[in-house]
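Asker: Provided below for reference: sequence and predicted model.
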Amino acid sequence: LNSAVTSITINGANFVATPTVRLGTTVLSGVTFVSATRLTVSVPAGLAAGAYGITVVNPDGQSATIANAYTVTVPAPPAPAAPSLTGITPTSGLNNVSVVITIKGANFVATPSVKLGSTVLTGVSFVNASTLTVSIPAGLPGGIYGITVVNPDGQIAALSNVFTVTVPAPTPPPVVNPPRPGNDNGDHHVSGGRDNGRRHRDDRRNSHNDD
């Protein structure tokens, strides 16, 4: 691997202390002359991936080469961590309006897909690796829904029963009350109060006086 220094052993014959060793065109350092048939040397980290020849050059200039004797490989990048979810806000909304929710978690990768139940939500906004925002559309049936986040590499995180859609109560229709009898402007009411009683007594008194 090209991510670390590697010590290699070169076997052959007629090595003279101390030869030069090349890997491709790169002159290697740290050559150790073990014997006329064996050398050790370090291959540095950071070389480009590929197959390289090994060349040994004795101090008198004589050389020996083996083509494609050593292969450098680049390690595969580590697999990305799977996303995880810790919660959402808000956790409920009415189904007659769209609701923007914030999803919290970890290891989100731009830009994941988000589902509420089985509904794929549009307008996902990748804020950072731990925060997403997305709109829940109006018109969903009432109920409790789970949230699923799917990173572009297919790794998934889900939380069940985290968002409640509520259907608002229907608005009652307007009601016009019919007019109440006796309340229009043409009605006349006669009061039987104290003034009327006094008027009747005065009438009787006047009647007696006339007699």
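Answerer: Here it is on my side, so go on.
Asker: okay, which residue is most central for this structure?
Answerer: residue 132 (4.3 Å; Cα atoms, centre = their mean).
Asker: wait, doesn't it sit right on residue 112?
Answerer: Yes. With contact defined as Cβ atoms under 8 Å, residue 132 reaches residue 112; the gap is 6.9 Å. From N, CA and C alone the C-beta is placed, and that goes for glycine too.
Asker: Tell me which helix or strand the residue nearest to the centre of the chain sits in.
Answerer: Assigned by DSSP states H and E, residue 132 belongs to strand 131-136.
Asker: and that strand, C-alpha only, in PDB?
Answerer: Output of strand 131-136 as PDB, limited to C-alpha atoms (Å, rounded to 0.1, in the frame of the first residue of the first chain):
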ATOM      1  CA  THR A 131     -29.100  19.100   9.900                       C
ATOM      2  CA  LEU A 132     -31.600  18.900   7.100                       C
ATOM      3  CA  THR A 133     -34.800  20.900   6.400                       C
ATOM      4  CA  VAL A 134     -37.700  19.800   4.200                       C
ATOM      5  CA  SER A 135     -41.300  20.700   3.600                       C
ATOM      6  CA  ILE A 136     -44.200  18.400   4.300                       C
END
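Asker: how about that strand: buried residues?
Answerer: Residues of strand 131-136 classed as buried: 132, 134, 136 (neighbour count, 16 or more other Cβ atoms under 10 Å).
Asker: Out of these, flag the one nearest to residue 156.
Answerer: Nearest to residue 156 among the buried residues of strand 131-136 is residue 132, at 13.9 Å by Cβ to Cβ.
Asker: Report the helix or strand with the lowest average pLDDT across the chain.
Answerer: Ranked by mean pLDDT, DSSP states H and E, the weakest helix or strand in the chain is helix 194-210, scoring a mean of 48.
Asker: just to revisit the earlier point, what angle separates the helix or strand following the strand holding residue 132 from strand 131-136?
Answerer: Once the chain leaves strand 131-136, the next helix or strand it forms, by DSSP H and E, is strand 143-150. With axes from the mean of the first three to the mean of the last three Cα atoms, to 10 degrees defining the directions, strand 143-150 sits at 130 degrees from strand 131-136.
Asker: what about strand 143-150, distance to the chain center?
Answerer: When C-alpha coordinates are averaged (Cα atoms, centre = their mean, to the nearest Å), strand 143-150 and its chain have centres 12 Å apart.
Asker: who does the next helix or strand after it touch, helix- and strand-wise?
Answerer: Counting by DSSP H and E, the element after strand 143-150 in chain order, helix or strand, is strand 156-166. On a contact count with 3 or more Cβ pairs under 8 Å, 6 or more residues apart in numbering; DSSP states H and E, strand 156-166 meets strand 84-89, strand 92-94, strand 143-150.
Asker: So which of those strands is the most surrounded?
Answerer: strand 143-150 (a mean of 18; mean count of other Cβ atoms under 10 Å).
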